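A.B. asks: After the sequence you'll find the predicted model.
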Amino acid sequence: MHKLDSPQALSLRIRSFSRRSVMLSEALIKVRTLQPIQFVDLTDEINAHLAASEVEHGEVTVFSRHTTAAIKINEAEELLLEDFKQFLRRLCPPEQNYNHNDMSRRKPPIAPDERPNAHSHCMHLLLSTSETIPVADSRLALGTWQRVFLVELDGPRERQVVLRCANYVRQEPAELIEAVAANGFSGGVRNGNKLEHH
Amino acid sequence: MHKLDSPQALSLRIRSFSRRSVMLSEALIKVRTLQPIQFVDLTDEINAHLAASEVEHGEVTVFSRHTTAAIKINEAEELLLEDFKQFLRRLCPPEQNYNHNDMSRRKPPIAPDERPNAHSHCMHLLLSTSETIPVADSRLALGTWQRVFLVELDGPRERQVVLRCANYVRQEPAELIEAVAANGFSGGVRNGNKLEHH
Amino acid sequence: MHKLDSPQALSLRIRSFSRRSVMLSEALIKVRTLQPIQFVDLTDEINAHLAASEVEHGEVTVFSRHTTAAIKINEAEELLLEDFKQFLRRLCPPEQNYNHNDMSRRKPPIAPDERPNAHSHCMHLLLSTSETIPVADSRLALGTWQRVFLVELDGPRERQVVLRCANYVRQEPAELIEAVAANGFSGGVRNGNKLEHH
């Protein structure tokens, strides 16, 4: 396989931890949206859950239980979110003809609160149902500008977001050092409990 | 960070479980598709695997092993799936000129069954290779209208989908209560084995 | 729920493993990109990390810490990557008017190295921040043509990619056989350490 578009510099910094047990913690976030398309910033709520559940180090999956509400990570800049809304409406114009909106041809079951929302489903097809995000030191290990959004595409509606957190619980220091040594790693990891993160 | 597009109501319902051991179970689903673009609903097959493998509570990653077949979650409504096909063809017209389709300029390796399929790759770029889905009570914890699809974009072809399930196995009740108490949680969790889910 | 677009053949091959303990390993890959839009193939670096960390069987999450650099899996074919760049520029033209690019209307904080990059954010909205990929036999369990890319959308820049690997460590054979038998599985799994993978 040829190597394409090689970057100028590529450095790999390995930090490996050995953990024995995993704790699962979960939450359901309920959101009532107000606008047809709306970016709801869930980052603080997710961090609050991680802190309250003592999820220290691991991963969290943020999952939307809807086909017209997505999960995306991007920047929480007011003007940018307006651009996103215009962009999604340009790609999937609500006023276009869609088969799904022709209720005379639809077979049951049809939701009691069903609206002509094929454009919302098309937007959702381009976005994501979930994101899996690293957790370090009881917080989402996000970059400077990253925020986690529930993206409403057919609001206003009541929405549910599932959090599923895997917490990798530390081994006893003695066991950790032994495991790390066995794996051939050394350095900062030996310093014990407080491990550096990016 | 300013709070944008705040929702009217936001409630957080925390349910935290302590689990000790994880079981990994996996499966390979093989699909023979029939159409150039086709939405194959895998939800029942995935649920059958979860039941057969006794995956009770955890997460499953559904992963497509292809660059022109995607995994997406959306609604299994016949007319909507037609809209999706038209939408993808509008964004990535098969009849457009693409560099990738000019076999005279391609360097090896070229697949023996290669077709002019740059539009299929472009569609795939907008979709997803995998989805990670919560599992509760041995079933995918999907919302009412959510179904998991393999999305064929260059059919007919034979396709492979990998399932990777992490099953968080319950601790003994006594240990669970102890761990929960140590974490400062109480309430429904103490009621023992049958924990409520959304 | 009606079954849509049924495939001709659907076969489910179940292989279930029981594992007791999980090891977490992680790495930070730093990349210096060179072009405004650039596909950086990280597959070899990720496989090197899996081998060095002795991650044998499990999953790895590849996470971009940026809102204008994405993670996508597709084919590393030179001409196709050119098509992707043209496709992204056609969907999100850099020369179009965007609210986010009007610095006179922007509220702080503004990044010191901020550029008019709304088109990069719009491209990112259509791509992914992360991918979760199965690991088997200390390698990414990718299909023949799949490669894992960091997709630079606002380069040149320095970028960080987080790897979070869950390694499901084998039980002792005796325990494994017992657990497998208890779950009702048999066959290849009993043969011991070397389990077949797709």
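C.D. replies: Nice, thanks for sending it over. Small disclaimer: the values here were computed from a predicted structure and weren't measured.
A.B. asks: Confirm residue A:70 sits in a helix?
C.D. replies: No: counting by DSSP: H, G, I helix; E, B strand; the rest coil, residue A:70 is located in no helix; its state is strand.
A.B. asks: residue contacts, it?
C.D. replies: For residue A:70, the contacting residues are A:64, A:123, A:124, A:127, A:128, A:129, A:150, A:151, A:153, by C-beta atoms under 8 Å, 6 or more residues apart in numbering or on different chains. Heads up, the C-betas are built off the backbone N, CA and C, glycines and all.
A.B. asks: now, which of the residues you listed lie close to chain C?
C.D. replies: Restricting the contacts of residue A:70 to those near chain C by C-beta under 8 Å from any C-beta of the partner chain leaves A:127, A:128.
A.B. asks: how much space is there between residue A:45 and residue B:144?
C.D. replies: Shown here: residue A:45 relative to residue B:144, a distance of 23 Å by C-beta to C-beta, to the nearest Å.
A.B. asks: Residue of chain A nearest chain B, please.
C.D. replies: residue A:65 (3.2 Å; C-beta to the nearest C-beta).
A.B. asks: so how far is residue A:107 from that residue?
C.D. replies: 23 Å.
A.B. asks: The two: which is more packed in?
C.D. replies: Set residue A:65 next to residue A:107 and count neighbours by other C-beta atoms under 10 Å in any protein chain shown: residue A:65 wins out with 20 against 9.
A.B. asks: Show the pLDDT at the more buried one.
C.D. replies: The per-residue pLDDT reported for residue A:65 equals 98.
A.B. asks: what's the closest non-adjacent residue to it?
C.D. replies: Leaving out its chain neighbours, the residue that sits closest to residue A:65 by C-beta to C-beta, 6 or more residues apart in numbering or on different chains is residue B:143, at 3.2 Å.
A.B. asks: thinking again about what came up before, so for residue A:45 and residue B:144, which residue has more residues nearby?
C.D. replies: Using other C-beta under 10 Å, the more surrounded residue of residue A:45 and residue B:144 is residue A:45, with 20 against 11.
A.B. asks: Residue B:131 versus the nearest residue to residue A:141 once chain neighbours are set aside, what's the distance?
C.D. replies: Among residues not flanking residue A:141 along the chain, residue A:134 sits closest, at 4.1 Å (C-beta to C-beta, 6+ apart). Plainly put, residue A:134 is 18 Å away from residue B:131 if you go by C-beta to C-beta.
A.B. asks: And residue A:89, by the same measure?
C.D. replies: Plainly put, residue A:89 is 25 Å away from residue B:131 if you go by C-beta to C-beta.
A.B. asks: the more surrounded of these two?
C.D. replies: Neighbour count, other C-beta under 10 Å: between residue A:89 and residue B:131, residue B:131 has more, with 24 against 15.
A.B. asks: So for the more buried one, what's the pLDDT?
C.D. replies: 97.
A.B. asks: Is it correct that residue A:121 is in contact with residue B:83?
C.D. replies: Yes: using C-beta atoms under 8 Å, residue A:121 is in contact with residue B:83, at 7.3 Å.
A.B. asks: So, low pLDDT: which residues of chain A?
C.D. replies: Applying pLDDT under 70 to chain A flags residues A:1-20, A:170-198.
A.B. asks: For chain C, give me its nearest residue in it.
C.D. replies: residue A:143 (3.3 Å).
A.B. asks: how about residue A:88, phi and psi?
C.D. replies: Main-chain torsions, residue A:88, degrees, to the nearest 10: phi -60, psi -40.
A.B. asks: do you know how far it is from residue A:64?
C.D. replies: Taking C-beta to C-beta as the measure, residue A:88 falls 16 Å from residue A:64.
A.B. asks: what does residue A:140 give?
C.D. replies: Residue A:140 sits 17 Å away from residue A:64, going by C-beta to C-beta.
A.B. asks: rewinding a little: among the contacts of residue A:70, which are in helices?
C.D. replies: Here DSSP state H is the test, and the contacts of residue A:70 give A:123, A:124 as lying in helices.
A.B. asks: residue ranges for the strands of chain A, please.
C.D. replies: Listed in chain order, the strands of chain A (DSSP state E) span A:9-16, A:19-32, A:38-41, A:58-64, A:69-74, A:130-136, A:139-140, A:147-152, A:158-170.
A.B. asks: Dump those strands to JSON lines, plus distance to residue B:116.
C.D. replies: Compiled in JSON lines, the strands of chain A are given as follows (distance: least, C-beta to C-beta, whole Å):
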{"stretch": "strand A:9-16", "distance to residue B:116": "33"}
{"stretch": "strand A:19-32", "distance to residue B:116": "44"}
{"stretch": "strand A:38-41", "distance to residue B:116": "38"}
{"stretch": "strand A:58-64", "distance to residue B:116": "36"}
{"stretch": "strand A:69-74", "distance to residue B:116": "32"}
{"stretch": "strand A:130-136", "distance to residue B:116": "33"}
{"stretch": "strand A:139-140", "distance to residue B:116": "42"}
{"stretch": "strand A:147-152", "distance to residue B:116": "34"}
{"stretch": "strand A:158-170", "distance to residue B:116": "41"}
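A.B. asks: Check whether residue A:148 really touches residue A:128, as I assumed.
C.D. replies: No: assessed by C-beta under 8 Å, residue A:148 is found out of contact with residue A:128, at 10.9 Å.
A.B. asks: For those two, list the residues in contact with both.
C.D. replies: Residues within reach of residue A:148 and of residue A:128 at once, by C-beta under 8 Å, 6+ apart, are A:71, A:72.
A.B. asks: Bridged to the residue most central in space within chain A, which residues?
C.D. replies: Centroid-nearest residue in chain A: residue A:131, 2.9 Å away (criterion: C-alpha atoms, centre = their mean). Beta-bridge pairing for residue A:131 (DSSP bridges): residue A:62.
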